[in-house]
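K.L.:
Any chance you could fold what I've pasted below:
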Amino acid sequence: MSSLPALLVAVVASISGIISGAEINQLDIPDVIRNGTGPVTLSCVYDLTGSDNGLVIKWFHDEAELIYQWIPPMSPQDIGVIKGLTEYPEDAVSRPKSHSIIRLKEVTLAMSGNYTCSVSTFEEEDIKTKRMIVYAPESNATVFVTPPSSKDGPITLVCAVHGAWPRPGLTFLVDGVPVEGQFTVYPANLEEYQNQGSWVRYEATIEEPLTPVRVNCEINIPFTNYRRQEGIVYYPSSHRSTAPVDNENASSPHCASKFLEPIVSRAAETVTTNPENKVSEAQSSSFSVFPNSSSHSTSADNATGHLVHTVTTQSPDSPRSSRPTEPIPTQIIAD
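P.N.:
This is a model prediction of the structure:
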């Protein structure tokens, strides 16, 4: 019975607003956003019940990393992955009893992760968490085929992709039929990925086809709607010319094209972020590789006598990439 009076006091105090409380109503963060986009707004909307004594607003990145602290009326302090990349105009700091707003000048790949807003007073705290994916399209994608090393031997399909993050998923399609392969370069995390030059490489071994086939590599970035295909047409041994190399005309695209026909297609890309920020983009295009999108050369390998056709293809996203890279040569060797 002795606890009843204390309970009644607590109820009355709560109703009268003596006990302060904080409740987060909304956490507005883009779900998916492209690397380099800006400005981008992160917003935490909350209600305070009663006094705002001891009000502190904090933001965390991936739960443990404190990136922002605001103790009104002092100015917000930011550290960690957002340090130096924020701005706080008047509208971002004018409502300390209801809004905490972080305005990012631009987003980086390191900013991907979970964001937690914490609003606390002396008596109570409330938190909410939401995930933001920052992605980057590839800056270079190369597909090539290693012909058989012996008669009736297999061929190896190779797809090498540079600059895409999160680590892209890759799939081979041979005349539209999926072919399972394996990653031979696949870094474990962003730091390792960047240290290794931001490459992933995917390979598959199949029997050499009897007729020319289209070999596509489909690139998809996890947690986004980003899809794209890069490909070539592979000509088996029975469909290649065995005539001696004409060194004078070897660099001609017409000579080269009978050994390799590049096919590059740009699938529709649609990325929509949080409606509150009204950030969206849609890109759809297709283009011919000859002669503007790639460089071609054909030459004789003095050591083996094989004819080597080199094709360098740049992704249409290259001009917008945050990490420019040199083109990667593709070599198809004709016996």
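K.L.:
Run through this structure and note the low-pLDDT ranges.
P.N.:
Scanning the chain for pLDDT under 70 picks out 1-20, 239-335.
K.L.:
How is it divided into domains?
P.N.:
20-134, 140-334 (automatic domain parsing).
K.L.:
those helices in the stretch 51-200 of the chain, which residues are they?
P.N.:
Using DSSP state H, counting those that start in this stretch, the helices of the stretch 51-200 of the chain run over 90-93, 190-195.
K.L.:
Redo those as JSON lines? Include mean neighbour count and distance to Ser43.
P.N.:
In short, each C-beta sits where N, CA and C put it, glycine included. Below are the helices of the stretch 51-200 of the chain laid out as JSON lines (neighbours: other C-beta atoms under 10 Å; distance: least, C-beta to C-beta, whole Å):
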{"stretch": "helix 90-93", "mean neighbour count": "12", "distance to Ser43": "9"}
{"stretch": "helix 190-195", "mean neighbour count": "13", "distance to Ser43": "26"}
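K.L.:
As a markdown table, these with distance to Glu63 would be great.
P.N.:
Shown next, in a markdown table, are the helices of the stretch 51-200 of the chain (distance: least, C-beta to C-beta, whole Å):
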| stretch | distance to Glu63 |
| --- | --- |
| helix 90-93 | 24 |
| helix 190-195 | 17 |
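K.L.:
Trp59 is nearest to which of those helices?
P.N.:
helix 90-93 (12.8 Å; C-beta to C-beta).
K.L.:
quick one: contacts for the closest residue to Leu66 other than its chain neighbours?
P.N.:
Spatial nearest neighbour of Leu66, chain neighbours left out: Phe60 (5.8 Å); criterion: C-beta to C-beta, 6 or more residues apart in numbering. By C-beta atoms under 8 Å, 6 or more residues apart in numbering, the contact set of Phe60 is 66-67, 115-116, 118.
K.L.:
List only those of those residues flagged as buried.
P.N.:
67, 115-116, 118 (16 or more other C-beta atoms under 10 Å).
K.L.:
closest to Val158 among those residues?
P.N.:
Tyr115 (38.1 Å).
K.L.:
If that closest one is in a bridge, with which residues?
P.N.:
Tyr115 forms beta bridges with His61, Lys130, as assigned by DSSP bridges.
K.L.:
I'd assumed Pro178 was in contact with Asn216.
P.N.:
No: contact criterion C-beta atoms under 8 Å: Asn216 and Pro178 do not qualify, at 10.1 Å.
K.L.:
Please enumerate the shared neighbours of these two.
P.N.:
Joint contacts of Asn216 and Pro178 (C-beta under 8 Å, 6+ apart) are Phe172.
K.L.:
Of the two, which one has the most company?
P.N.:
Neighbours were counted for Asn216 and for Pro178 using other C-beta atoms under 10 Å; Asn216 has more, 23 against 11.
K.L.:
Excluding chain neighbours, give the residue nearest to that one in space.
P.N.:
Gly231 (3.5 Å).
K.L.:
Repeat that for Asn140.
P.N.:
Per C-beta to C-beta, 6+ apart, closest to Asn140 is His162, 4.2 Å.
K.L.:
ok, that neighbour - how many residues close by?
P.N.:
Around His162 there are 22 residues (other C-beta under 10 Å).
K.L.:
my read: it touches Ala136, true?
P.N.:
No: judged on C-beta under 8 Å, His162 makes no contact with Ala136 at a distance of 10.4 Å.
K.L.:
Make sure Gly36 is indeed in a strand.
P.N.:
No: applying DSSP: H, G, I helix; E, B strand; the rest coil, one finds Gly36 to be coil, outside a strand.
K.L.:
I'd like to know how many residues surround it.
P.N.:
14.
K.L.:
Okay, Pro89 and Tyr202: tell me how far apart.
P.N.:
45 Å (C-beta to C-beta, to the nearest Å).
K.L.:
These two: which is more packed in?
P.N.:
Ranked by neighbour count (other C-beta under 10 Å), Pro89 and Tyr202 place Tyr202 first, with 23 against 10.
K.L.:
Please list all residues in contact with that one.
P.N.:
Taking C-beta under 8 Å, 6+ apart, one finds 158-161, 170, 172, 181-184, 217 in contact with Tyr202.
K.L.:
Greatest separation within those: which pair is it?
P.N.:
Among the contacts of Tyr202, Val161 and Gln182 lie farthest apart (C-beta to C-beta), at 14.6 Å.
K.L.:
Which of these two has more residues huddled nearby?
P.N.:
Neighbour count, other C-beta under 10 Å: between Val161 and Gln182, Val161 has more, with 27 against 10.
K.L.:
picking that back up, out of the buried ones among the contacts of Phe60, who's nearest Pro76?
P.N.:
Distances from Pro76 to those, taken by C-beta to C-beta, are shortest for Ile67, at 10.5 Å.
K.L.:
Hmm, Leu85 and that closest one touching each other?
P.N.:
No: between Ile67 and Leu85 there is no contact, the gap being 10.4 Å when judged by C-beta under 8 Å.
K.L.:
quick one: the strands in the stretch 1-150 of the chain?
P.N.:
21-28, 32-34, 40-49, 56-61, 65-70, 77-78, 86-87, 99-104, 113-120, 125-135, 140-146 (DSSP state E, counting those that start in this stretch).
K.L.:
Name the residues that touch the third one?
P.N.:
Strand 40-49 is contacted by residues 17, 19-30, 33, 55, 57, 59, 97-104, 106-107, 115, 117, 119, 121, 126, 128, 276-277, 279 when judged by C-beta under 8 Å, 6+ apart.
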